[in-house]
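Visitor: below are the sequence and a predicted model for it; my questions follow.
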Amino acid sequence: MNPHFIHIHPAGLRSAFILISVLSHFSFVALFSQGPDTSRSQSGNIDQIIEDAMTDMESEDETDWTVFTDQLEDFRSRPLDLNQATRDDLLLLPGMNAVLADYVLKHIEQFGPFLTVFELQAVPGMQPDIFRKIAPFIQVKAGTAKDINTRLLHPHGPSFSAIKSGIKHELLLRTVLLLEQEKGYTNPDTTSTGTISSRYLGSPSKQYLRYRMRYNQNVSLGLVAEKDAGEKYTWDPGAGYFGFDFLSAHVFLRDFGKLKRFVAGDYTIQCGQGLLLSSGLGFGKGSETIMSVKRTDYGIRPFSSVNENQFLRGAAATMGFGKLNVTGFFSGASKDANITLQDTVTNEIAEASSLQTSGLHRTNSEISDRRSLTETLIGSRLEFHHSRLKFGILHFFQQYSNTINPGTSDYQLYDFRGDQNYLTSVDFDFTYRNFNFFGEFGRSMSGGTGAIGGFLGSLDPKLDVSVLVRRFDRDFHSFRGFVFAERPTTIQNETGIYAGIQIRPASKVLISGYADQFWFPWHRYLVSYPSSGREFMGQLEYKPSRSSTMYVRFRSDHKEKNASDPLNLESLEYLVPTTKQSIRFQFQKSFEKVIDARTRIERSWYQQGNEESSTGFLAAQDVTWKLNPSFDLTMRYAVFDVSDYNARIYAFENDVLGFFSIPAYSGKGSRYYIILNVQPQKNLEFWLRFAQWHYLDQTTVGSGLSEISGNKKSEVKVQMKLTF
């Protein structure tokens, strides 16, 4: 982002700009095509983009990034035409921000349509690392020009004949199976109280099916079905069972004149900064220190993932009237809940302590919580666009079929209680020169408020900064939000300020870092007093050539928690500081665009009060080998020695298309995985993934019904994608 962009460039310099851009990055010609690139050679870009954003996230659950990867896969198969793209279209590109998007549109206004994708590098603020991320997903079509006439605010959508001839069908099937037997699949035994122990009721395989019929971004009809491992197939429509444990479907329309978006079935809404409504998925604190602080305002989107909690079920529509968009939405979805009060005669549920989020229904106990509570939600949103300003107002009402009454512990004192909630928020997004300001302020029925806001900016062509502040009252209740915070889904009882920086002192060097200070004014689980914390990260990245990259990263996380109490005397509760630090070195090298090799070494330390510190070590080697245009092989072998779970090390892992995981390495042993990706025909693709843990210091793996006898845990995953 270049502060000098406010000076108008002489039109005669345009040819020089294009020539310099093309010559200075001439070697990109071999890597990126200006026309549609449907080759699988670019699929690794998607994995790398997500890893860069997720690299410091800590979540052992497999993450469904279907919505994000679908968007990039669409752009990969049908690259975005820069001369026809709207501001919202540009913001969907990885690495793009509001300031850059405005500069791209300003460039077209001043100089006319782009003649080549390489001209994009003449746009102020378009750094080489950002261009490398964007290039696989863009194109410039001959003869196209961006018409900025305001009459095209609501262009007519495609004709029925165009949709009929260009519709695309996609079928995705996936099976996952653990090779070792978990305790939940063994024969039940008798407990010490004389009762029969619980066991899983279904088969150990995990099944997934997705069918989708689409035409570009305008039309989508989809069906998703999933059965988790341990769940059984059941056909009982009256109880909400239709074979698979989870079913989802949608019909979605976009950009048909004044009808901006319409969806019936399952959907999500993400607006503002996600304070009240979000898709439930986003990037947190990581190596991307600038762009990650701001949530993208996607609006209404069809739901196509397997998260059984983060969707709305009903209908929603957005209409456009000039520069004003009006959205209305309704949802009535059943949710899992922890039942605490139930009529023993009628089995009617009267009270629940909390909502369940696991989505697992493997045992009789888990099944009893299934769909035990209904959430009805109705609301509206007004959104006004003018030049570089966007302003929105959101309001919705929630009604639960049963009362929610959490426990009586101190940390639960200000949690939501009752069966009704309403929330209102206002949000803004404003770009001025090299700065993008954004924020959202909300209030819940309790009177508690939440606020989040910040800015992205460029102080110099080589210096980008981001700042974000947030404050959520202890009695602020927002269950469908996802924000940039220390606890992104628990939007309550937190105040903090974050500052990120990126410096480019030389063409091959990138220095990035962040500092985050946060406070919790009230008690939390396992923290019996108000507490605070701080987190720092610094990274030095060096790119000696186009085919190699290396970086070193240091991260330090300081928090407070209850001291260990060997005498189990609550009166002795007091807080002690905890410190977790890690340092990582990574080197990545590409060989003739056929082999990518990556070596990672990481060390961690954990200290709690005056207790003895624990340490961890991880060394991993990754290799991706493109044997030919239709066959890829991805491998990792890692060894680890982590003294206890507190010093655990999280490491991003590649997976089959649409899914990624960040398992925690703890204990002593090794882990490896192999992924085969084969495309025998243009419309048919297969994935086979095998992964295994091998522990040297354990005789069992896991706990409870997930316990495996032995020191190995092996998983096989098979996926097929058919398009026609």
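Guide: Arrived safely. Residues are numbered from 1 along each chain as shown.
Visitor: CA only for contacts and neighbour counts going forward, please
Guide: Noted.
Visitor: what's the spacing between the closest residue to residue 391 other than its chain neighbours and residue 453?
Guide: In space, and not counting its chain neighbours, residue 391 is closest to residue 428: 4.4 Å by C-alpha to C-alpha, 6 or more residues apart in numbering. Distance of residue 428 to residue 453, given as C-alpha to C-alpha, to the nearest Å: 9 Å.
Visitor: with residue 515 instead?
Guide: Taking C-alpha to C-alpha, one finds residue 515 at 16 Å from residue 453.
Visitor: just residue 352 next, same as before
Guide: Computed as C-alpha to C-alpha, the residue 352 to residue 453 distance reads 34 Å.
Visitor: mind listing what's buried along stretch 488-496?
Guide: 488, 489, 490, 491, 492, 493, 494, 495, 496 (16 or more other C-alpha atoms under 10 Å).
Visitor: now do stretch 550-566
Guide: Quick answer for stretch 550-566 (16+ other C-alpha under 10 Å): 550-563.
Visitor: so in this structure, which helix runs the longest?
Guide: Across the chain, the longest stretch assigned as helix under DSSP state H is helix 98-111.
Visitor: what residues does residue 252 make contact with?
Guide: Each residue near residue 252 by C-alpha atoms under 8 Å, 6 or more residues apart in numbering is listed here: 218, 219, 220, 221, 261, 262, 263, 264, 301, 302.
Visitor: can you tell me how far the closest residue to residue 438 other than its chain neighbours is from residue 377?
Guide: In space, and not counting its chain neighbours, residue 438 is closest to residue 429: 4.3 Å by C-alpha to C-alpha, 6+ apart. With distances taken as C-alpha to C-alpha, residue 429 is found 26 Å from residue 377.
Visitor: likewise for residue 716?
Guide: Counting by C-alpha to C-alpha, the gap from residue 716 to residue 377 is 40 Å.
Visitor: who has more neighbours, these two?
Guide: More crowded of residue 716 and residue 377, by other C-alpha atoms under 10 Å: residue 377, with 20 against 17.
Visitor: beta partners of that one?
Guide: residue 331, residue 398 (DSSP bridges).
Visitor: again, but for residue 595
Guide: residue 591, residue 625.
Visitor: swap in residue 355?
Guide: residue 337.
Visitor: give the burial count for the nearest residue to residue 264 once chain neighbours are set aside, as a bare number.
Guide: Spatial nearest neighbour of residue 264, chain neighbours left out: residue 315 (4.4 Å); criterion: C-alpha to C-alpha, 6+ apart. Residue 315 sits with 20 neighbouring residues when counted by other C-alpha under 10 Å.
Visitor: element containing residue 315?
Guide: strand 312-321 (DSSP states H and E).
Visitor: for that strand, packing partners?
Guide: Strand 312-321 sits against strand 259-270, strand 299-302, strand 324-335, with contacts defined as 3 or more C-alpha pairs under 8 Å, 6 or more residues apart in numbering; DSSP states H and E.
Visitor: can you do 6 Å?
Guide: strand 259-270, strand 324-335 (3 or more C-alpha pairs under 6 Å, 6 or more residues apart in numbering; DSSP states H and E).
Visitor: tell me which of those lies nearest to residue 137.
Guide: strand 259-270 (23.1 Å; C-alpha to C-alpha).
Visitor: next, the angle from that closest one to strand 312-321.
Guide: Strand 259-270 and strand 312-321 are oriented at 140 degrees to each other (axes from the mean of the first three to the mean of the last three C-alpha atoms, to 10 degrees).
Visitor: what is the rounded mean pLDDT of strand 259-270?
Guide: For strand 259-270, mean pLDDT is 95.
Visitor: wait, isn't residue 468 in contact with residue 498?
Guide: Yes. Counting by C-alpha atoms under 6 Å, residue 468 does reach residue 498; the two are 5.1 Å apart.
Visitor: leaving out the residues flanking it, which one is nearest to residue 694?
Guide: Counting by C-alpha to C-alpha, 6+ apart, the residue nearest residue 694 is residue 712, at 4.7 Å.
Visitor: same thing with residue 439?
Guide: Taking C-alpha to C-alpha, 6+ apart, and ignoring the residues beside it in sequence, residue 439 has residue 453 as its nearest neighbour in space, at 3.7 Å.
Visitor: other SSEs contacting the helix or strand where the one you found lies?
Guide: Assigned by DSSP H and E, residue 453 belongs to strand 449-460. Judged by 3+ C-alpha pairs under 6 Å, 6+ apart, strand 449-460 is in contact with strand 435-444, strand 463-472.
Visitor: and the angle from that strand to strand 435-444?
Guide: Per the same axes, to 10 degrees, the angle that strand 449-460 makes with strand 435-444 is 170 degrees.
Visitor: how is this structure divided into domains?
Guide: Annotated domains of the chain cover 3-148, 157-255, 257-504, 589-724 [automatic domain parsing].
Visitor: just say which of those domains is most tucked in.
Guide: Highest mean neighbour count among the domains of the chain (mean count of other C-alpha atoms under 10 Å): domain 257-504, with a mean of 20.
Visitor: figure out how far that domain is from the centre of its chain.
Guide: Chain-centre distance of domain 257-504: 14 Å, with C-alpha atoms, centre = their mean, to the nearest Å.
Visitor: what's the answer for stretch 680-687, then?
Guide: With C-alpha atoms, centre = their mean, you get 26 Å for stretch 680-687.
Visitor: also stretch 164-171?
Guide: Put simply, stretch 164-171 sits 27 Å off its chain's centre (C-alpha atoms, centre = their mean).
Visitor: check what pLDDT residue 57 gets.
Guide: So residue 57 comes in at 58 (pLDDT).
Visitor: correction: residue 48
Guide: pLDDT, read off for residue 48, is 66.
Visitor: and if you look at residue 44?
Guide: 51.
Visitor: okay, now the unreliable bits of the chain?
Guide: Low-confidence segments of the chain (pLDDT under 70): 1-68, 142-154, 191-194, 280-283, 344-345, 565-572.
Visitor: ok so, going back, in helices, which of the buried residues of stretch 488-496 appear?
Guide: Using DSSP H, none of those sit in helices.
Visitor: quick check: of these, which lies closest to residue 434?
Guide: Closest to residue 434, out of all of the buried residues of stretch 488-496 and judged by C-alpha to C-alpha, is residue 496, at 24.6 Å.
Visitor: and the nearest residue to the closest one once chain neighbours are set aside, helix, strand or coil?
Guide: In this structure, residue 496 finds its nearest non-sequential neighbour in residue 518, 4.0 Å apart by C-alpha to C-alpha, 6+ apart. Of the three states, residue 518 takes strand under DSSP: H, G, I helix; E, B strand; the rest coil.
Visitor: can you pull the contacts of residue 518?
Guide: 495, 496, 532, 533 (C-alpha atoms under 6 Å, 6 or more residues apart in numbering).
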